[in-house]
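Enquirer: would you be able to build a 3D model of this:
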Amino acid sequence: RGLGAGVSTQRTGSSGINAEYGEVTTCVKMETARLLERLKEAVKDAPDFPRPGILFKDIMPVFQDPKLVSDTCVALVEEVEKVGKPDVIIGIEARGFLIGPIMAQKMGIPFVAIRKKGKLPRECFSVKYEKEYGVDEFDMQKDALIPGQKVVVVDDLLATGGTLEAAAKLCDMAKASVIAHCVMFELDFLKGRDRLTHPVVSLVRY
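Expert: Model prediction:
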(Lines give C-alpha, C1' and ligand atoms only; values in the text may rest on other atoms or scores of the structure.)
Protein backbone atom coordinates (compact mmCIF):
# COMPACT_ATOMS: atom_id res chain seq x y z
CA ARG A 1 0.00 0.00 0.00
CA GLY A 2 1.32 3.41 -0.88
CA LEU A 3 1.66 6.33 1.45
CA GLY A 4 -1.00 9.01 1.12
CA ALA A 5 -2.15 12.08 2.97
CA GLY A 6 -5.63 12.52 4.34
CA VAL A 7 -5.09 16.24 4.73
CA SER A 8 -4.69 19.26 2.51
CA THR A 9 -1.10 20.36 2.03
CA GLN A 10 -2.01 23.96 1.37
CA ARG A 11 -3.13 26.62 3.82
CA THR A 12 -4.89 28.65 1.12
CA GLY A 13 -8.54 28.10 0.30
CA SER A 14 -8.01 28.31 -3.45
CA SER A 15 -5.65 26.67 -5.90
CA GLY A 16 -5.21 30.00 -7.67
CA ILE A 17 -2.93 31.61 -5.09
CA ASN A 18 -1.26 34.97 -5.52
CA ALA A 19 2.31 34.63 -6.78
CA GLU A 20 3.44 36.64 -3.77
CA TYR A 21 2.55 33.70 -1.52
CA GLY A 22 3.70 30.92 -3.84
CA GLU A 23 6.98 30.36 -2.00
CA VAL A 24 5.22 30.15 1.35
CA THR A 25 2.74 27.59 0.04
CA THR A 26 5.56 25.53 -1.46
CA CYS A 27 7.33 25.51 1.91
CA VAL A 28 4.12 24.31 3.58
CA LYS A 29 3.84 21.46 1.06
CA MET A 30 7.45 20.46 1.65
CA GLU A 31 7.06 20.56 5.44
CA THR A 32 3.92 18.40 5.23
CA ALA A 33 5.61 15.91 2.91
CA ARG A 34 8.62 15.68 5.24
CA LEU A 35 6.38 15.10 8.25
CA LEU A 36 4.50 12.28 6.52
CA GLU A 37 7.77 10.66 5.49
CA ARG A 38 9.13 10.91 9.04
CA LEU A 39 5.97 9.25 10.35
CA LYS A 40 6.17 6.51 7.75
CA GLU A 41 9.81 5.82 8.60
CA ALA A 42 9.09 5.68 12.35
CA VAL A 43 6.33 3.04 12.06
CA LYS A 44 7.58 -0.54 12.22
CA ASP A 45 5.84 -3.55 10.67
CA ALA A 46 5.21 -6.53 12.95
CA PRO A 47 4.18 -9.57 10.84
CA ASP A 48 1.80 -12.15 12.32
CA PHE A 49 0.90 -10.02 15.34
CA PRO A 50 -1.30 -10.38 17.31
CA ARG A 51 -2.14 -13.50 15.30
CA PRO A 52 -0.92 -15.18 12.08
CA GLY A 53 -1.79 -13.40 8.86
CA ILE A 54 -1.98 -9.90 10.38
CA LEU A 55 0.61 -7.25 9.55
CA PHE A 56 0.54 -5.02 12.62
CA LYS A 57 1.62 -1.38 12.30
CA ASP A 58 3.61 -0.56 15.44
CA ILE A 59 3.40 3.19 16.02
CA MET A 60 5.17 3.23 19.40
CA PRO A 61 8.57 4.21 17.91
CA VAL A 62 6.95 7.53 16.91
CA PHE A 63 6.86 8.46 20.59
CA GLN A 64 10.62 8.00 20.96
CA ASP A 65 11.03 11.22 18.95
CA PRO A 66 9.60 14.19 20.92
CA LYS A 67 9.97 16.58 17.98
CA LEU A 68 8.04 14.21 15.72
CA VAL A 69 5.27 13.89 18.30
CA SER A 70 5.02 17.67 18.66
CA ASP A 71 5.02 18.26 14.89
CA THR A 72 2.39 15.56 14.40
CA CYS A 73 0.07 17.06 17.02
CA VAL A 74 0.50 20.54 15.53
CA ALA A 75 -0.42 19.17 12.09
CA LEU A 76 -3.48 17.39 13.48
CA VAL A 77 -4.64 20.52 15.32
CA GLU A 78 -4.29 22.59 12.14
CA GLU A 79 -6.36 20.09 10.15
CA VAL A 80 -9.03 19.78 12.86
CA GLU A 81 -9.42 23.55 12.97
CA LYS A 82 -10.17 23.53 9.23
CA VAL A 83 -13.23 21.42 10.07
CA GLY A 84 -14.28 23.46 13.10
CA LYS A 85 -13.36 24.63 16.58
CA PRO A 86 -14.06 21.92 19.17
CA ASP A 87 -14.88 22.54 22.82
CA VAL A 88 -13.39 19.22 23.95
CA ILE A 89 -10.93 16.61 22.72
CA ILE A 90 -12.04 13.01 23.35
CA GLY A 91 -9.29 10.38 23.58
CA ILE A 92 -9.88 6.64 23.20
CA GLU A 93 -8.00 4.16 25.40
CA ALA A 94 -5.22 3.58 25.08
CA ARG A 95 -3.26 5.24 22.32
CA GLY A 96 -5.70 8.10 21.95
CA PHE A 97 -4.32 9.12 25.34
CA LEU A 98 -0.88 9.64 23.79
CA ILE A 99 -1.85 12.41 21.38
CA GLY A 100 -5.26 13.61 22.62
CA PRO A 101 -4.01 15.46 25.73
CA ILE A 102 -1.24 17.14 23.73
CA MET A 103 -3.74 18.34 21.13
CA ALA A 104 -6.09 19.56 23.86
CA GLN A 105 -3.27 21.46 25.55
CA LYS A 106 -2.23 23.10 22.28
CA MET A 107 -5.86 24.16 21.66
CA GLY A 108 -6.46 25.28 25.24
CA ILE A 109 -9.49 23.01 25.70
CA PRO A 110 -10.40 20.09 28.03
CA PHE A 111 -9.52 16.45 27.42
CA VAL A 112 -11.99 13.65 28.18
CA ALA A 113 -11.11 9.95 28.29
CA ILE A 114 -13.10 7.03 26.90
CA ARG A 115 -11.98 3.89 28.69
CA LYS A 116 -12.60 0.17 28.56
CA LYS A 117 -15.43 -1.22 30.65
CA GLY A 118 -14.88 -1.07 34.40
CA LYS A 119 -11.93 1.36 34.39
CA LEU A 120 -13.85 4.53 35.32
CA PRO A 121 -15.54 5.32 38.66
CA ARG A 122 -18.97 6.92 39.07
CA GLU A 123 -21.85 6.77 36.59
CA CYS A 124 -20.92 6.08 33.00
CA PHE A 125 -22.45 5.75 29.58
CA SER A 126 -21.53 2.37 28.06
CA VAL A 127 -21.49 0.94 24.56
CA LYS A 128 -20.46 -2.42 23.11
CA TYR A 129 -18.69 -2.56 19.77
CA GLU A 130 -17.01 -4.96 17.38
CA LYS A 131 -13.33 -4.53 16.68
CA GLU A 132 -10.88 -6.32 14.41
CA TYR A 133 -10.27 -9.13 16.89
CA GLY A 134 -13.59 -9.50 18.73
CA VAL A 135 -16.11 -7.58 20.87
CA ASP A 136 -15.31 -4.98 23.53
CA GLU A 137 -17.08 -2.33 25.60
CA PHE A 138 -16.32 1.34 26.29
CA ASP A 139 -17.32 3.68 29.13
CA MET A 140 -17.43 7.47 29.40
CA GLN A 141 -18.38 9.31 32.59
CA LYS A 142 -21.83 10.86 32.38
CA ASP A 143 -20.71 14.26 33.66
CA ALA A 144 -17.63 14.47 31.39
CA LEU A 145 -19.44 16.43 28.65
CA ILE A 146 -22.02 19.20 28.65
CA PRO A 147 -24.94 18.77 26.22
CA GLY A 148 -24.29 20.75 23.06
CA GLN A 149 -20.52 20.74 23.31
CA LYS A 150 -18.62 20.19 20.07
CA VAL A 151 -16.06 17.40 20.30
CA VAL A 152 -13.31 15.77 18.24
CA VAL A 153 -12.66 12.08 18.84
CA VAL A 154 -8.95 11.17 18.73
CA ASP A 155 -7.29 7.77 18.27
CA ASP A 156 -4.02 6.57 16.78
CA LEU A 157 -5.40 4.52 13.90
CA LEU A 158 -8.53 4.13 11.79
CA ALA A 159 -8.94 0.51 10.71
CA THR A 160 -12.45 -0.94 10.45
CA GLY A 161 -14.00 2.11 12.14
CA GLY A 162 -15.69 0.21 14.97
CA THR A 163 -13.80 1.94 17.76
CA LEU A 164 -14.46 5.46 16.50
CA GLU A 165 -18.08 4.61 15.76
CA ALA A 166 -18.54 3.41 19.36
CA ALA A 167 -16.93 6.58 20.71
CA ALA A 168 -19.32 8.69 18.65
CA LYS A 169 -22.26 6.76 20.13
CA LEU A 170 -21.06 7.62 23.64
CA CYS A 171 -20.89 11.29 22.66
CA ASP A 172 -24.43 11.04 21.28
CA MET A 173 -25.59 9.60 24.63
CA ALA A 174 -24.10 12.69 26.31
CA LYS A 175 -25.91 14.90 23.76
CA ALA A 176 -22.58 16.28 22.52
CA SER A 177 -21.87 16.96 18.85
CA VAL A 178 -19.00 15.15 17.12
CA ILE A 179 -17.50 17.46 14.50
CA ALA A 180 -14.68 15.13 13.41
CA HIS A 181 -12.70 11.98 14.01
CA CYS A 182 -8.94 12.50 14.14
CA VAL A 183 -6.23 9.85 13.69
CA MET A 184 -2.55 9.72 12.87
CA PHE A 185 -2.85 6.70 10.58
CA GLU A 186 -5.58 5.21 8.39
CA LEU A 187 -5.77 1.80 6.70
CA ASP A 188 -7.66 2.66 3.51
CA PHE A 189 -8.15 -0.93 2.39
CA LEU A 190 -10.35 -1.66 5.42
CA LYS A 191 -12.72 1.19 4.42
CA GLY A 192 -13.31 2.24 8.02
CA ARG A 193 -14.33 5.79 7.15
CA ASP A 194 -17.26 4.42 5.14
CA ARG A 195 -19.08 3.44 8.35
CA LEU A 196 -18.49 6.81 10.04
CA THR A 197 -20.98 9.67 9.72
CA HIS A 198 -18.56 12.45 10.65
CA PRO A 199 -15.54 13.90 8.83
CA VAL A 200 -12.22 12.08 9.27
CA VAL A 201 -8.87 13.83 9.65
CA SER A 202 -5.88 11.54 9.06
CA LEU A 203 -2.24 12.14 8.22
CA VAL A 204 -0.79 8.90 6.84
CA ARG A 205 -2.98 6.55 4.80
CA TYR A 206 -1.88 3.04 3.85
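
Enquirer: part of a helix, is residue 33?
Expert: Yes - Residue 33: assigned to a helix according to DSSP: H, G, I helix; E, B strand; the rest coil.

Enquirer: thought residue 78 was touching residue 103, still the case?
Expert: No - with contacts counted by C-beta atoms under 8 Å, residue 103 stays clear of residue 78, the gap being 10.5 Å. Heads up, the C-betas are built off the backbone N, CA and C, glycines and all.

Enquirer: neighbour count winner among those two?
Expert: Between residue 103 and residue 78, counted using other C-beta atoms under 10 Å, the more crowded position is residue 103 (23 against 16).

Enquirer: could you look up the SS state of the more buried one?
Expert: helix.

Enquirer: which of the helices or strands spans residue 72?
Expert: Element membership for residue 72 (DSSP states H and E) is helix 66-83.

Enquirer: for that helix, which helices and strands make contact with it?
Expert: On a contact count with 3 or more C-beta pairs under 8 Å, 6 or more residues apart in numbering; DSSP states H and E, helix 66-83 meets helix 22-42, helix 96-107, strand 150-158, strand 177-186, strand 200-205.

Enquirer: and the second one, what does it pack onto?
Expert: With contacts defined as 3+ C-beta pairs under 8 Å, 6+ apart, helix 96-107 has these neighbours: helix 66-83, strand 88-92, strand 111-116, strand 150-158.

Enquirer: mind putting the ones you listed in TSV, mean pLDDT included?
Expert: Shown next, in TSV, are the helices and strands packed on helix 96-107 (pLDDT from 0 to 100):
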stretch	mean pLDDT
helix 66-83	97
strand 88-92	98
strand 111-116	98
strand 150-158	97
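
Enquirer: pLDDT weak spots in the protein?
Expert: 1-28, 132-133 (pLDDT under 70).

Enquirer: give me the buried positions along the helix holding residue 72.
Expert: Going by neighbour count (16 or more other C-beta atoms under 10 Å), the buried part of helix 66-83 is 68-69, 71-73, 75-80, 83.

Enquirer: tilt between it and strand 150-158?
Expert: 130 degrees (axes from the mean of the first three to the mean of the last three C-alpha atoms, to 10 degrees).

Enquirer: give me the number of residues near residue 46?
Expert: Neighbours of residue 46 (other C-beta under 10 Å): 12.

Enquirer: measure residue 96 to residue 32 for me?
Expert: 23 Å (C-beta to C-beta, to the nearest Å).

Enquirer: who's more crowded, these two?
Expert: residue 96 (27 against 20).

Enquirer: contact partners for the closest residue to the more buried one other than its chain neighbours?
Expert: If the residues on either side of it in the chain are set aside, residue 96 comes closest to residue 155, at 4.4 Å by C-beta to C-beta, 6 or more residues apart in numbering. Listed by C-beta atoms under 8 Å, 6 or more residues apart in numbering, the contact set of residue 155 reads 91-92, 95-96, 163-164, 167, 181-183.

Enquirer: over to residue 113?
Expert: 90-91, 93, 97, 120, 140, 144.

Enquirer: of those - the most surrounded one?
Expert: residue 90 (31 neighbours).
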